[in-house]
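A.B. asks: Mind looking at a prediction? Sequence and model below.
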Amino acid sequence: MRDVPDDQPGIERPPGGGGPDGRRPGLRPTRISTLIVCALGTAAIAWVGMGRFFGYIPDITWLAGLTLAGLAVVEAITAHNTRARIEHRPRAGAVNPLLVARLAVLAKASSLAGAIFAGAYGGVAAWALCHLFSGRGAYLHFGAMLGVVMVLNVYFVIIPGQKELVKAKQEGRTPDPRFGLMGRQRSVHNTYFTLPVLFTMISNHYAGLYGHEWNWVLLILISVAGALIRVWFVQRHKGNENPLVLAAGLVVLAITALLSLPRPAVDIGPPVPFIEVQQIFKERCQPCHATKPTQEGFAAPPKGVILETEAEIRARAAMINQQVWASRVMPPGNLTHITDEERRLIARWFKGSAK
Ligand code: HEC
């Protein structure tokens, strides 16, 4: 939210203006950078706090959320009406300077409160994505969150702006430039989200990325690279592309590729016979990969993969090693709580069986 700029026409100021030091006393617009720093700060505190004090998502009463939402709606309506009055729009009523001053203070306080809450929710969301979901789920949810922002931008800002344009044309007046400017700003935001969202939509296929122990770093890097490359696209459409921007995007992508290279082979120990891993398959895999799965929600073995007899398991040894040891994708979300030691045993069995 912005408060009233100093040179706003229509606001009475005492002649001469200015305090003893020659500066005009009074409120200045809250800087965007202040809000961003506040939001990032609370996000960091929320992240650390979640891990230290909760370790799970605490219950939040509906009342808290509804109160905030109610306050936001009331403030949005008040802001809209006050602006209409300041701009002397038809049917808007008279300005009450004292009221405007009070509202400006409220607006400044609210913008700070908004930044703090947005940061806190963002921090909790980031923590939950990394700790409650598998890498695959976290990537998809990250994409869904960006997607929701994009849809809201279109629904609440861009489309109403277009409608205003059409309406102004029909009524034969010049359209309010504010809508055009806001629509443009949101389109730019959406533009930068495009490639990261597209990536998360297909990220399911890249177990090497979402299954990596640094999956969150890789996701951030790919998002940054996507935004940079998109910036270059936009510049190119305007005919003033800067090759450095494209180069920066590609360099970030190359760094991502290097980071996600398979780790050098570690010494996992000598091969083990099947008898040592039989029980692991029974406990960790067969709840799903059986003729009649016992895991809730699985009516049939996923992808038809049955891992009950030694012959069935041996036939898929390479794929199993890939899924359990190399990419750590199975069991999904580690639903059956396989341990690292068990994963390593399966890799050692594979080492022997491949010979
Ligand atoms: C909670 C259920 C569940 C458990 C437990 C589970 N899997 Fe799976 N598995 C799945 C699902 C679902 C798929 C299909 C994934 C897909 O379509 O991408 C799958 C697919 C597979 C595939 C085929 C992959 C492919 O790309 O074709 C293999 C191999 C596999 N699992 C091995 C294992 C092994 C080994 C274990 C035990 C360490 C295990 N799974 C535990 C649910 C499970």
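C.D. replies: Okay, I see it. Numbering: from 1, shown residues only.
A.B. asks: so I116 is in which element?
C.D. replies: helix 97-132 (DSSP states H and E).
A.B. asks: quick one: the helix or strand that that helix is followed by near the ligand?
C.D. replies: For helix 97-132, the following helix or strand on the C-terminal side (DSSP H and E) is helix 135-153. No. Interface with the ligand: helix 135-153 contributes nothing (CB under 6 Å from any ligand atom), its closest point being 8.8 Å away. For the C-beta atoms, the positions are set from N, CA and C on the backbone; glycine is no exception.
A.B. asks: Can you name the next helix or strand after helix 135-153?
C.D. replies: Taking DSSP H and E, what comes next after helix 135-153 is helix 159-171.
A.B. asks: Show me which positions of that following helix end up buried.
C.D. replies: Across helix 159-171, burial judged by 16 or more other CB atoms under 10 Å covers 161, 164.
A.B. asks: Does it pack against any helices or strands, and if so which?
C.D. replies: helix 177-202 (3 or more CB pairs under 8 Å, 6 or more residues apart in numbering; DSSP states H and E).
A.B. asks: avg pLDDT for the helix it packs on?
C.D. replies: In this model, helix 177-202 has a mean pLDDT of 90.
A.B. asks: How far does that helix sit from its chain's centre?
C.D. replies: Distance of helix 177-202 from its chain centroid, counting by CA atoms, centre = their mean, to the nearest Å, is 14 Å.
A.B. asks: How about stretch 155-162?
C.D. replies: Centre to centre, stretch against its chain (CA atoms, centre = their mean), the figure for stretch 155-162 is 22 Å.
A.B. asks: what does it rub up against?
C.D. replies: By CB atoms under 8 Å, 6 or more residues apart in numbering, the residues outside stretch 155-162 that reach it are 179-180, 182-183, 186-187.
A.B. asks: start to end distance for it?
C.D. replies: Stretch 155-162 has an end-to-end distance of 11 Å (CA to CA, to the nearest Å).
A.B. asks: hey, C-alpha coordinates of stretch 311-331 in CSV?
C.D. replies: Extracted in CSV, the C-alpha atoms of stretch 311-331 (Å, rounded to 0.1, in the frame of the first residue of the first chain):
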residue,chain,number,x,y,z
ALA,A,311,13.4,-64.2,-9.5
GLU,A,312,11.1,-61.2,-9.8
ILE,A,313,13.5,-59.0,-7.8
ARG,A,314,16.6,-60.3,-9.7
ALA,A,315,15.0,-59.5,-13.0
ARG,A,316,14.8,-55.9,-12.1
ALA,A,317,18.1,-55.6,-10.1
ALA,A,318,19.5,-52.7,-12.2
MET,A,319,16.2,-50.7,-12.0
ILE,A,320,15.9,-51.3,-8.3
ASN,A,321,19.5,-50.1,-7.7
GLN,A,322,18.7,-47.0,-9.7
GLN,A,323,15.4,-46.3,-7.8
VAL,A,324,16.6,-47.1,-4.2
TRP,A,325,20.3,-46.2,-4.2
ALA,A,326,21.2,-43.9,-7.0
SER,A,327,18.2,-41.6,-7.1
ARG,A,328,16.6,-42.5,-3.7
VAL,A,329,13.1,-42.2,-5.3
MET,A,330,11.7,-45.4,-3.9
PRO,A,331,9.9,-45.9,-1.6
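A.B. asks: Is it in proximity to the ligand?
C.D. replies: Yes. Stretch 311-331 lies within reach of the ligand by CB under 6 Å from any ligand atom, at 316, 319-320, 323-324, 330-331.
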